[in-house]
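Chemist: my questions concern the predicted model and sequence given below.
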Amino acid sequence: MADIVSLADGVGELVRDGDVVALEGFTHLIPHAAGQEIIRQGRKDLTLVRMTPDIVYDQLIGAGCARKLIFSWGGNPGVGSLHRFRDAVQHAWPVPLEIEEHSHAGMANRYVAGASGLPFAVLRGYRGTDLPEHTATIKWITCPFTGEELAAVPAINPDVSIIHAQRADRAGNVQMWGLVGVQKEAVLAAERSLVTVEEVVDELEPVAGQVVLPHWAVTAVAEVPGGAHPSYAQGYSERDNAYYKYWDSIGRDRDTFRTWVRDEVLAGRFATETTGDKEGVR
Amino acid sequence: MADIVSLADGVGELVRDGDVVALEGFTHLIPHAAGQEIIRQGRKDLTLVRMTPDIVYDQLIGAGCARKLIFSWGGNPGVGSLHRFRDAVQHAWPVPLEIEEHSHAGMANRYVAGASGLPFAVLRGYRGTDLPEHTATIKWITCPFTGEELAAVPAINPDVSIIHAQRADRAGNVQMWGLVGVQKEAVLAAERSLVTVEEVVDELEPVAGQVVLPHWAVTAVAEVPGGAHPSYAQGYSERDNAYYKYWDSIGRDRDTFRTWVRDEVLAGRFATETTGDKEGVR
Amino acid sequence: MTGAASTTAVSGAQPEYTSDEMMSIAAARALENGKRCFVGIGLPSTAANVARRTHAPDLVLIYESGTLGSKPDVLPSSIGDGVLAETADAVIGVPEVFNYWLQPGRIDVGFLGAAQLDRFGNINTTVIGDDYTDPKVRLPGAGGAPEIAASCREVFVVVRQSARSFVDKVDFVTSVGHGSGKGDRERLGLPGAGPTLVITDLGVLRPDPETAELVLTQLHPGVEVEDVRAATGWDLQISPDLTRTEAPTAAELSTLRTLKEASR
Amino acid sequence: MTGAASTTAVSGAQPEYTSDEMMSIAAARALENGKRCFVGIGLPSTAANVARRTHAPDLVLIYESGTLGSKPDVLPSSIGDGVLAETADAVIGVPEVFNYWLQPGRIDVGFLGAAQLDRFGNINTTVIGDDYTDPKVRLPGAGGAPEIAASCREVFVVVRQSARSFVDKVDFVTSVGHGSGKGDRERLGLPGAGPTLVITDLGVLRPDPETAELVLTQLHPGVEVEDVRAATGWDLQISPDLTRTEAPTAAELSTLRTLKEASR
């Protein structure tokens, strides 16, 4: 049975310095509140995994929480670049950022292998591109039946995966719908998992297109209404497209970003009923 | 866009002598009517593929339509043995039946590979069992990252896959829900596909747990209400458990079975508005 | 998959019950509350559903047809009964059952039947006879069993005991128990512990910790060691700590019978 | 991913329009009705949605976020906009998009953008500069593009043309076009035909059937060959059958502008 916890306690218990951490959500249901809680609790040396490290990881990278990023597309969708990500890769600011770069197909299959308890996955990908030259986690494998050579990628098994979903019930069964991305795979691939939800309800009414994660496959659930903002939760909120543009102005400049972290993230800790802030704020 | 056809035309157009044919449906939504139409049209030398060759394949095998069976569990669920299947394997009646035998996990992954356009799939299976010794389509493959040895199975890509679903719209978009088995994979793995449905409707109302196959992924749709009987279509009919027991009395004896084919299957051709019965009835 | 129910009545101070009922109830008792249980149809499904209605209300039932957390109010007559999907926490496709839920070792107990079982708990559901290509009896085959036996943290086997079905060595290894003895599972790289419990209509067998050979550890009421020896095709060893199964309680029997009645 | 819209106005007897509008409309025209189109956000998505509202009402739009057959009534501002899921024939997980729908070659047209494009249609969206580990500019990376470029039956690239973006050889091959020339795709085992059409704000380029090098085959109204040469970083060859794009019709422009307006 999944524990129902506060966001601060959930992050405090489940995310540790040096962990491999995946925050997933493919444009929809991105766990932004949890990302900011990780900044607030001052986690460091994280290996961040995410197919699309958009604003949520620009914030974590800019705040110096990460030492490595495993990803397949790092941009601000519909707007342009991620300036904190660029600054880290191009100028090692605020700390150097190692990268491990894949395609979406490769990342999705790495999660599938992780969720399946397999050490690797096979796909028809990467052939002829420059990615294998720079990414050690792309190798080749020969089909034992046809002799064809295909790409192989190793499983991703995060220490902790964090996702946002629409609802959970009091036992911790999680329900999400709409674009469901790789969230199920990210949770199943992980050792521990935290799901932030729009609301905890008595009964999960079935919804077309739903994905349900049973309570015994989830470590903890935290009720965080609006926890995906500026991403959205179908049925609960709309994508805040203006915020994505606004982020460009925040992320573009180091000082503006630092001010944003101080005023919008660190100050935010007092707004939560936190008890799990063990590491203090740096 | 999928064609909307009669069952007789669908089978007549899409199923050819010597084809690799998969009829799927995991206890739910088993395309029995289509199976009997294949008998009625006198197809022969088929390689039949199915995870659970239950009554539907006992009928096809007993009628002499198959020369080979690729499967993972051949029984009458909840009742006992498949007598026609046994008779074919043990006594080559009415024709010899070659078998290629897997586990469910292996078969499911063979369909997944087929649907994915990959030549093979990898799983943690078969190790220590006697299956690899007798099944040439089980080999071993080494993980290029960990060195671990895992099982590999080749893709299944049927010439034609046939499934039963609850509904389709007039464009041929198919909707099914409840236990959905490996039907999506079977259709996507196949060169051609035929879907029998309970009804063709103007609009597909969303249903929780639905799987939708877009019209451009399906070759033909035939409206065959009750086409899964004695299996069932959730929302439309109940499983006829008594029929499964009754089948034991029909399948047990060659003459009783032959009489059943003559009276219940071949006679049935006059009840359909068939034009596709090209091969005649043997 | 269910056969003719045994009609051997056992009587005494307790309510009357059949040896099949004793087997189902003993199997039900072995399931701890809260465990995730991969359930085959027939005897395993009966036992799991009795457990869920007695001491283990939070037992999580997983059927290979694609249901996680089914809570049927009648005994399903096949693994694909509608009631399993309608009462499940989640319904998923069959590839996902095997790849995402079974293979990674998320399931505590795999609950299997057997046509033939050997002294090391290996299971045969494929062919009877020495020649695979010309079998004496063709059985249904593997189904989900090989990977259930490999991947679940432990395996319980529920099977009626007879000298014909309890053999020294199975004709065909469909699902690996303890292979040819202690250490074989590790050598094969099978992640789960294998069969830790074999529950029959006569008693309970467990693998010897030293050899992994199945030994008799428990006798059902009214059954003697000689009865079990006679129904075993190898020289059955008896545990020095042999115990006696408690007879079914009235509550257990009534639960079992109500379930069975409702599914007729 | 969208940049600042070009404001170069082109005027004449036709309605006024920008070169970006010409590009979107030329790209839209290239999409045949009924085709299945894998759509990237930005210029490709604009063009695909114009096509669906003009000559290609049955165009099937597939977005990598997991929607098959989206019918948005406004231009989505990201590939994950709710409108894409709400109007789709089917919504699926991301692994399924790539494994069941893209990889087996079910998609007719992959519609891609590019930061850098070279004479053989190879695409770079990874890094600008010679040193991957110390790039001059770090771009977003691959996303779905490498497998879209490999697996779709053909690829259309929509990109604004400049000598900086149209280079002799890309700094990094993120997605393979025609590799180092004719026959390379076959040698690499890439199933699709690769880029068959590159639509820019100046004209249209197509691979030469003999060499697979991109040559100018079509000029947008008001653009001269020299303008295109100046905006190309290699010695651009001109097709002997060079044609002139028809200017946008009033209906096309109004469709495009209505879509854009609705999405503000």
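Modeler: Noted; the coordinates are in hand. These numbers come from a predicted model, not from an experiment. Numbering: from 1, shown residues only, chains lettered A, B, ... in the order given.
Chemist: alpha carbons of stretch A:157-166, as PDB, please.
Modeler: Once non-C-alpha atoms are left out, stretch A:157-166 reads as follows in PDB (Å, rounded to 0.1, in the frame of the first residue of the first chain):
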ATOM      1  CA  ASN A 157      16.400   1.800 -13.400                       C
ATOM      2  CA  PRO A 158      16.200   5.000 -11.500                       C
ATOM      3  CA  ASP A 159      16.600   5.000  -7.700                       C
ATOM      4  CA  VAL A 160      13.400   7.100  -7.600                       C
ATOM      5  CA  SER A 161      10.900   8.100 -10.300                       C
ATOM      6  CA  ILE A 162       8.500  11.000  -9.700                       C
ATOM      7  CA  ILE A 163       5.400  11.600 -11.800                       C
ATOM      8  CA  HIS A 164       2.200  13.700 -11.500                       C
ATOM      9  CA  ALA A 165      -1.200  12.200 -12.100                       C
ATOM     10  CA  GLN A 166      -4.800  13.300 -11.900                       C
END
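Chemist: quick one: pLDDT of residue 85?
Modeler: If you meant another chain, say so; for now it's chain A. You'll see residue A:85 listed with a pLDDT of 97.
Chemist: could you do chain C instead?
Modeler: Confidence at residue C:85, expressed as pLDDT, is 89.
Chemist: could you do residue C:80 as well?
Modeler: 76.
Chemist: please name the nearest non-neighbouring residue to it.
Modeler: Nearest non-adjacent residue to residue C:80, counting by CB to CB, 6 or more residues apart in numbering or on different chains: residue B:27, 2.0 Å away. The C-beta positions use only the backbone N, C-alpha and C, and glycine is treated the same way.
Chemist: tell me which stretches of the stretch 1-150 of chain C form strands.
Modeler: Along the stretch 1-150 of chain C, the segments classed as strands by DSSP state E, counting those that start in this stretch run C:9-10, C:17-18, C:36-39, C:60-63, C:67-68, C:90-91, C:109-112, C:116-118, C:123-124, C:127-128, C:137-138.
Chemist: same question, chain A
Modeler: For chain A, the strands defined by DSSP state E cover A:3-5, A:20-23, A:46-50, A:66-71, A:98-101, A:120-123, A:139-142, A:149-154, A:160-169, A:174-176, A:192-201, A:211-213, A:220-223.
Chemist: still on that earlier bit, contacting residues for the residue nearest to residue C:80?
Modeler: The contact partners of residue B:27, by CB atoms under 8 Å, 6 or more residues apart in numbering or on different chains, come to B:52, B:54, B:77, B:179, B:181, B:231, B:239, C:65, C:78, C:79, C:80, C:81.
Chemist: now the fourth one. Nearest residue, chain neighbours left out?
Modeler: If the residues on either side of it in the chain are set aside, residue B:179 comes closest to residue B:28, at 4.0 Å by CB to CB, 6+ apart.
Chemist: quick one, grab the pLDDT at the one you found.
Modeler: Per-residue confidence at residue B:28 stands at 96 (pLDDT).
Chemist: ok, it - contacts?
Modeler: The contact partners of residue B:28, by CB under 8 Å, 6+ apart, come to B:178-181, B:228, B:231-234, B:239, C:65, C:80, C:82, C:85.
Chemist: and those, which is the shakiest by pLDDT?
Modeler: The lowest pLDDT within the contacts of residue B:28 belongs to residue C:80, with 76.
Chemist: please point out which parts of stretch C:45-62 sit buried.
Modeler: Across stretch C:45-62, burial judged by 16 or more other CB atoms under 10 Å in any protein chain shown covers C:45-54, C:56, C:59-62.
Chemist: ok, those vs chain B, which is closest?
Modeler: Comparing the buried residues of stretch C:45-62 against chain B with CB to the nearest CB places residue C:45 closest, at 9.9 Å.
Chemist: do I have it right that that closest one meets residue C:76?
Modeler: Yes - Residue C:45 lies in contact with residue C:76 (CB atoms under 8 Å); the separation is 6.3 Å.
Chemist: go through the longest strand along chain C and flag the buried ones.
Modeler: With secondary structure taken from DSSP E, chain C has its longest strand at strand C:237-244. For strand C:237-244, a neighbour-count test (16+ other CB under 10 Å) marks residue C:237 as buried.
Chemist: run through who's touching it.
Modeler: Applying CB under 8 Å, 6+ apart, the contact partners of strand C:237-244 are C:206, C:208, C:213, C:215, C:216, C:217, C:218, C:219, C:220, C:221, C:225.
Chemist: could you redo the last one with a cut-off of 6 Å?
Modeler: By CB atoms under 6 Å, 6 or more residues apart in numbering or on different chains, the residues outside strand C:237-244 that reach it are C:215, C:216, C:217, C:218, C:219, C:225.
Chemist: and those, which two are furthest apart?
Modeler: C:215 and C:219 (12.3 Å; CB to CB).
Chemist: so residue A:36 makes contact with residue A:264?
Modeler: No - Residue A:36 lies out of contact with residue A:264 (CB atoms under 6 Å); the separation is 8.0 Å.
Chemist: and the buried residues of stretch C:45-62, which two are the farthest apart?
Modeler: Across those, the longest distance by CB to CB is 19.3 Å; it joins C:54 and C:62.
Chemist: okay, residue C:230: pLDDT?
Modeler: pLDDT, residue C:230: 98.
Chemist: can you check the one 10 residues further on too?
Modeler: The predicted local confidence for residue C:240 comes out at a pLDDT of 96.
Chemist: same question, the one 4 residues further on
Modeler: Residue C:244 is assigned 98 on the pLDDT scale.
Chemist: what about the nearest residue to residue A:11 once chain neighbours are set aside, distance to residue A:266?
Modeler: Distances taken as CB to CB, 6+ apart put residue A:37 closest to residue A:11, at 4.5 Å, once the chain neighbours are dropped. Note on residue A:37: its distance to residue A:266, by CB to CB, to the nearest Å, is 11 Å.
Chemist: okay, those two: which has more neighbours?
Modeler: Neighbour totals were compared for residue A:37 and residue A:266, and residue A:37 leads with 32 against 17 (other CB atoms under 10 Å in any protein chain shown).
Chemist: still on that earlier bit, so can I have a markdown table of the strands of chain A showing distance to residue D:249, mean pLDDT and mean neighbour count?
Modeler: A markdown table is the format used below for the strands of chain A (distance: least, CB to CB, whole Å; pLDDT from 0 to 100; neighbours: other CB atoms under 10 Å in any protein chain shown):
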| stretch | distance to residue D:249 | mean pLDDT | mean neighbour count |
| --- | --- | --- | --- |
| strand A:3-5 | 59 | 96 | 18 |
| strand A:20-23 | 46 | 98 | 26 |
| strand A:46-50 | 43 | 98 | 24 |
| strand A:66-71 | 42 | 98 | 21 |
| strand A:98-101 | 43 | 98 | 18 |
| strand A:120-123 | 43 | 98 | 24 |
| strand A:139-142 | 50 | 98 | 16 |
| strand A:149-154 | 45 | 98 | 21 |
| strand A:160-169 | 44 | 98 | 27 |
| strand A:174-176 | 44 | 98 | 26 |
| strand A:192-201 | 46 | 98 | 22 |
| strand A:211-213 | 44 | 97 | 24 |
| strand A:220-223 | 53 | 98 | 24 |
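Chemist: just want the phi and psi numbers for the residue of the stretch 1-150 of chain A found nearest chain D.
Modeler: Closest approach between the stretch 1-150 of chain A and chain D, counting by CB to the nearest CB: residue A:27, at 2.1 Å. Dihedral angles of residue A:27 (phi, psi; degrees, to the nearest 10) stand at phi 60, psi -40.
Chemist: okay, it and residue B:224: tell me how far apart.
Modeler: For residue A:27, the distance to residue B:224 - CB to CB - is 40 Å.
Chemist: returning to that earlier point: among the contacts of residue B:27, which one sits closest to chain A?
Modeler: The closest of the contacts of residue B:27 to chain A turns out to be residue B:179 (CB to the nearest CB; 15.0 Å).
Chemist: tally up the residues packed near the closest one, please.
Modeler: By other CB under 10 Å, the residues close to residue B:179 number 29.
Chemist: cool, residue C:26 as well?
Modeler: 23.
Chemist: thought it was touching residue C:197?
Modeler: No - using CB under 6 Å, residue C:26 is not in contact with residue C:197; the gap is 9.4 Å.
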